[in-house]
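Undergrad: Okay, structure incoming, though there's no sequence with it:
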């Protein structure tokens, strides 16, 4: 179990990342791509990406990147710099600028349980060509595995941020932290990450905590090993039905059942319900805004959910509805 200890100052400085972190998504997707677990929501993505990498004549360039990211266990802290919150290029520049002491330390930890290629020695010495080779590999992989699916990733993270924003408005930062259950448990100044692969404590020491919602994060949240680095906790979001079947193809119903459900959407009221949930809305709020009964609001949101346009999350006595990528596309059309 990971125990994260907060002071009152830490609570004030805790926040949620403003958008999906492209470098974290890249690194965590590498773990899922190589792992044994089979999430049906990611099967098509996994097959498509693996086929693309095999077809790519430059795939050998990815050997070091894959070696640094085993499917289980430790992976180097330097691969996910805090600066990546400002975007992919900012993250790559931070990787290229990693201090040699950090490279040597992280790779020594990784080598304790993993066989590394010869190029890892040059990386540990901080040789600029090897660092550039590594970030070029990250860009190559990003093009294949992340960029074609970015709108879906972004929509899933936005939906999660809507949930966390409502929890913050209703209960302050402690309400936000309590909303992270069941994977985490908030208890009197301490956030416990359950099922964490090792047992340790992280003292925030007034720095606060950056919560990073992630599409490719597996069931267990992830924190950096080095307690001196800015405290970050990456946690999984609802994947909203998975990724689009084929990169580049517009979002659409996955099967005939969805098409039948979409046909049921014709009508002004349901269009208004879709618009009302643009930034997240509970069933009761839908009813009040549209001047309809709670039962009617529940019925309309159920039809929209069955059509793949909404996703609904229950929190105690309320149900929060947010748009899926398909719902967003229909609303923006």
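TA: Looks like it arrived, so ask away. Because the structure is predicted, anything quoted here is derived from the model rather than measured.
Undergrad: Let me see the domain layout of this structure.
TA: 2-17+151-236, 22-149, 256-332 (automatic domain parsing).
Undergrad: Low-confidence stretches in the chain?
TA: Scanning the chain for pLDDT under 70 picks out the ranges 56-60, 241-242, 244-266, 333.
Undergrad: where do the helices sit along it?
TA: In the chain, the segments counted as helices under DSSP state H are 8-12, 22-34, 43-55, 63-67, 88-96, 100-111, 119-124, 128-145, 150-178, 256-263, 268-276, 283-290, 294-306, 325-332.
Undergrad: and the residue nearest the centre of the chain, what are its bridge partners?
TA: Nearest to the geometric centre of the chain sits residue 214, at 0.9 Å (C-alpha atoms, centre = their mean). Beta-bridge pairing of residue 214 under DSSP bridges involves residue 236.
Undergrad: Surely it touches residue 157?
TA: Yes: using C-beta atoms under 8 Å, residue 214 is in contact with residue 157, at 7.4 Å. C-beta coordinates here come from the backbone N, C-alpha and C atoms, glycine included.
Undergrad: what is in contact with these two at once?
TA: By C-beta atoms under 8 Å, 6 or more residues apart in numbering, residue 214 and residue 157 have these common neighbours: 20, 237.
Undergrad: Can you give me every residue that contacts residue 328?
TA: residue 155.
Undergrad: gap between it and residue 299?
TA: Using C-beta to C-beta, to the nearest Å, residue 328 is found at 22 Å from residue 299.
Undergrad: Just give me the neighbour total for the nearest residue to residue 50 once chain neighbours are set aside.
TA: Take residue 50 and drop its neighbours on the chain: the residue closest to it by C-beta to C-beta, 6 or more residues apart in numbering is residue 33, 7.0 Å away. Residues lying near residue 33 (other C-beta atoms under 10 Å) number 19.
Undergrad: What's the separation between residue 33 and residue 52?
TA: From residue 33 to residue 52 the distance is 11 Å (C-beta to C-beta).
Undergrad: try residue 122
TA: Here the criterion is C-beta to C-beta. By it, residue 122 lies 28 Å from residue 52.
Undergrad: cool, residue 295 as well?
TA: Taking C-beta to C-beta, one finds residue 295 at 48 Å from residue 52.
Undergrad: These two: which has the busier surroundings?
TA: For residue 295 versus residue 52, neighbours defined as other C-beta under 10 Å are more numerous around residue 52 (16 against 10).
Undergrad: show me the residues around that one that make contact.
TA: 144, 145.
Undergrad: can you do 6 Å?
TA: Residue 52 makes contact with residue 144, according to C-beta atoms under 6 Å, 6 or more residues apart in numbering.
Undergrad: ok, residue 133 - how many residues close by?
TA: 17.
Undergrad: how far away is residue 172 from residue 322?
TA: On the measure of C-beta to C-beta, residue 172 and residue 322 end up 21 Å apart.
Undergrad: out of those two, which sits in the busier spot?
TA: Remark: of residue 172 and residue 322, residue 322 carries more neighbours, 26 against 13, as counted by other C-beta under 10 Å.
Undergrad: who touches that one in this structure?
TA: Counting by C-beta under 6 Å, 6+ apart, residue 322 makes contact with 159, 162, 280, 311.
Undergrad: Could you do residue 215 as well?
TA: Contacts of residue 215 by C-beta under 6 Å, 6+ apart are 153, 156.
Undergrad: ok so, going back, take the helices of the chain and lay them out in JSON lines including distance to residue 221.
TA: As requested, the helices of the chain are arranged in JSON lines below (distance: least, C-beta to C-beta, whole Å):
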{"stretch": "helix 8-12", "distance to residue 221": "17"}
{"stretch": "helix 22-34", "distance to residue 221": "11"}
{"stretch": "helix 43-55", "distance to residue 221": "21"}
{"stretch": "helix 63-67", "distance to residue 221": "23"}
{"stretch": "helix 88-96", "distance to residue 221": "20"}
{"stretch": "helix 100-111", "distance to residue 221": "20"}
{"stretch": "helix 119-124", "distance to residue 221": "27"}
{"stretch": "helix 128-145", "distance to residue 221": "22"}
{"stretch": "helix 150-178", "distance to residue 221": "12"}
{"stretch": "helix 256-263", "distance to residue 221": "32"}
{"stretch": "helix 268-276", "distance to residue 221": "32"}
{"stretch": "helix 283-290", "distance to residue 221": "29"}
{"stretch": "helix 294-306", "distance to residue 221": "27"}
{"stretch": "helix 325-332", "distance to residue 221": "24"}
